[in-house]
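*Asks:* Sequence first, then the predicted structure:
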Amino acid sequence: MTPVSFSSSSAFSTSCATQMSSGTTSTTSSSSTALTTSVARNVLVSHTTQSKTSSPSSSLLAHLFSPISGFLRFFKPILAHGAPAPQSSSFATTTSSPGAQKVAQTATEAINFELQKKEAEQGNSSAQYMLGLYYEQGKGVQKDLTEAVKWFRRAAELGHASAQYSLAVCYDKGNGVEKDLSETVKWYRRAAEQGDAAAQYNLAVCYDKGEGAQQDPIEAVKWLRRSAEQGYASAQHNLGTCYDRGNGVQKDPIEAVKWYKRAAEQGYAKAQNCLGFCYNKGEGVQKDPIEAVKWYKRAAEQGYASAQHNLGVCYDWGIGVQKDPSEAVKWYRRAAEQGDASAQHSLGTCYVMGEGVQQDPIEAVKWYKRAAEQGHAHAQHSLGVCYEEGEGVRRNLHKAVKWYRRAAEQGDASAQHSLGVCYEEGNGVRRNLNEARRLYELAAAQGNVDAQTRLMWMRLPLHAPPLTQLSALPSA
């Protein structure tokens, strides 16, 4: 049975809040930031990539499809009065082939591009925005990011919110224009002030990270709230994170749960995992392990690694679900294969103990090493133990000391004790009782019983006199 160690995106023991990242979620912990940017940074094309609840403007779809509808209406009489189609089934198969569909799609895009271009040149901001998208995506025309920026700018200067958003993203990423975070904030703000939920969210991220604007958690919360109230799931999740950690707002677990739940009910995996944590710990809501498992499972089934690990822990320990070591290993493995360090350590421990899987020290070392190389302190200590004991790997005290030291420097009490023993006994390092005592004191202060015992023995006289000498001592 592996030690209970839940995780969120990074460290489950502190809170379910996730750290900021650009593009992907890191598996190492970070307390300096609170928001996530993976969703925001992927919204690079248009707001149609968001869910209906996240889309700032439903009219965008009309702009996108109306020229195509016109094209189809134009060709409908020709299709209706053209030569009769052969009755053989082979004709239907040929016309519906992927190649034929691609040709038809390309032709439609080319005609649509020309229609949009004509409207754009006449000053239609919606057409200018759509033309920018065509150049950005290479639809109906050769991809040209510089040209995309040109048309986004024209529409943005006319007050088109979606174009302002897209222009901000171009400056943010340096797509078709030199990267300029101050320009990024300028255009996010213009779109945000018009009520664009995605722009409001990204503007909050800029304030949270201090990119393109002075870092301001309160201002970040302000824009997060505006976006969240429009149903934007990423903003709802991160607003919950702010209440969870007290970033830019007074810490309020109940309010955190409220926003986590809103995002979770939209299927947002990170929020589902955080909500599971709240139910598991009874933070902001009555403790309910069964409800915790429910939300972990929803996120895990979407492939969210932290939730997969947490679900594995529940099966490992029988928390909110029937204890099932095999099921625990299944979820640990899914998360571990995605690079989740906590899951890699848990899976390694299963192989050491032979729980839910056949005992295999070599496989254990493999997973411990993967987690240890990511900086996972518990895994570093476990790997050190394997090197010291020669379990699953050739015994090597110098490597044991190396991994004990890395974990000890992160404050891992077990590693501090183990490294202290190495210094006290001269295992893999020159004997140094002062260093051993220092390490024992660090571990003992964290409640490590073994270190406390070692300290007690070190305080006794190093060389007690023989019993014969004791009997010859003069009486008082």
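*Replies:* Alright, I've got the coordinates.
*Asks:* Test my guess that Tyr279 contacts Tyr296.
*Replies:* No. Applying C-beta atoms under 8 Å, one finds Tyr279 not in contact with Tyr296, separated by 9.1 Å. For every residue, glycine as well, the C-beta is placed using N, CA and C.
*Asks:* just the strands in the protein please.
*Replies:* Here the chain has no strands by DSSP state E.
*Asks:* Let me see the contact set for Leu397.
*Replies:* 387-388, 422, 427-429 (C-beta atoms under 8 Å, 6 or more residues apart in numbering).
*Asks:* Among the residues you listed, name the buried ones.
*Replies:* By neighbour count, with 16 or more other C-beta atoms under 10 Å, these hold 387-388, 422, 427-429 as buried.
*Asks:* among these, which are in helices?
*Replies:* 387-388, 422 (DSSP state H).
*Asks:* In TSV: the residues you listed, plus distance to Gly174.
*Replies:* Below are those laid out as TSV (distance: C-beta to C-beta, whole Å):
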residue	distance to Gly174
Tyr387	45
Glu388	49
Cys422	49
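*Asks:* Now distance to Val249 and pLDDT too, for these, in CSV please.
*Replies:* Below are those laid out as CSV (distance: C-beta to C-beta, whole Å; pLDDT from 0 to 100):
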residue, distance to Val249, pLDDT
Tyr387, 46, 98
Glu388, 47, 98
Cys422, 46, 98
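*Asks:* any idea how far the residue nearest to Leu203 when sequence neighbours are not counted lies from Leu181?
*Replies:* Leaving aside its chain neighbours, Leu203 sits nearest to Tyr188 (4.3 Å; criterion: C-beta to C-beta, 6 or more residues apart in numbering). Using C-beta to C-beta, to the nearest Å, Tyr188 is found at 10 Å from Leu181.
*Asks:* before we move on, what about Gln122?
*Replies:* 34 Å.
*Asks:* again, but for Ser414
*Replies:* Counting by C-beta to C-beta - Ser414 and Leu181 are separated by 43 Å.
*Asks:* ok, these two, which is more surrounded?
*Replies:* Ser414 (21 against 16; other C-beta atoms under 10 Å).
*Asks:* Quick check: that one touching Gln446?
*Replies:* No. Applying C-beta under 8 Å, one finds Ser414 not in contact with Gln446, separated by 9.3 Å.
*Asks:* Pull the distance from stretch 437-455 to the chain's centre.
*Replies:* How far stretch 437-455 lies from its chain's middle: 35 Å, per C-alpha atoms, centre = their mean, to the nearest Å.
*Asks:* which outside residues touch that stretch?
*Replies:* 408, 411, 413-414, 416-417, 419-421, 423-424, 436, 458.
*Asks:* Skipping its backbone neighbours, what lies nearest Gly356 in space?
*Replies:* Pro325 (3.1 Å).
*Asks:* neighbours around Gly123, how many?
*Replies:* Gly123 has 11 nearby residues by other C-beta under 10 Å.
*Asks:* ditto for Met456
*Replies:* Met456, neighbours per other C-beta under 10 Å, totals 11.
*Asks:* Check Gly447 too.
*Replies:* 9.
*Asks:* Likewise for Glu425?
*Replies:* For Glu425, the neighbour count with other C-beta under 10 Å is 11.
*Asks:* residues in contact with the closest residue to it other than its chain neighbours?
*Replies:* The spatial neighbour of Glu425 that comes closest, neighbours along the chain excluded (C-beta to C-beta, 6+ apart), is Arg431 at 7.1 Å. Neighbour list for Arg431: 423-425 [criterion: C-beta under 8 Å, 6+ apart].
*Asks:* next one: Asp172
*Replies:* 41, 179, 181, 184, 202.
*Asks:* from what I can see the third one touches Glu211, true?
*Replies:* Translated: Leu181. Yes. The pair Leu181 / Glu211 is scored as a contact, 5.1 Å apart, by C-beta under 8 Å.
*Asks:* Mind picking the two most distant members of the contacts of Asp172?
*Replies:* Lys179 and Asn202 (14.8 Å; C-beta to C-beta).
*Asks:* These two: who's more crowded?
*Replies:* The neighbour comparison of Lys179 against Asn202 (other C-beta under 10 Å) goes to Asn202, with 30 against 12.
*Asks:* Return the distance of the more buried one relative to Leu181.
*Replies:* Computed as C-beta to C-beta, the Asn202 to Leu181 distance reads 11 Å.
*Asks:* ditto for Leu133
*Replies:* For Leu133 relative to Leu181 (C-beta to C-beta), the value is 23 Å.
*Asks:* Just give me the neighbour total for Phe362.
*Replies:* Slight slip there: residue 362 is Ile, not Phe. Neighbour tally, Ile362, other C-beta under 10 Å: 11.
*Asks:* Now for it: which residues touch it?
*Replies:* Ile362 touches 392-393, counting by C-beta under 8 Å, 6+ apart.
*Asks:* Tyr332: how many residues sit nearby?
*Replies:* 31.
*Asks:* I'd assumed Ser346 was in contact with it.
*Replies:* Yes. Counting by C-beta under 8 Å, Ser346 is a contact partner of Tyr332 at 4.8 Å.
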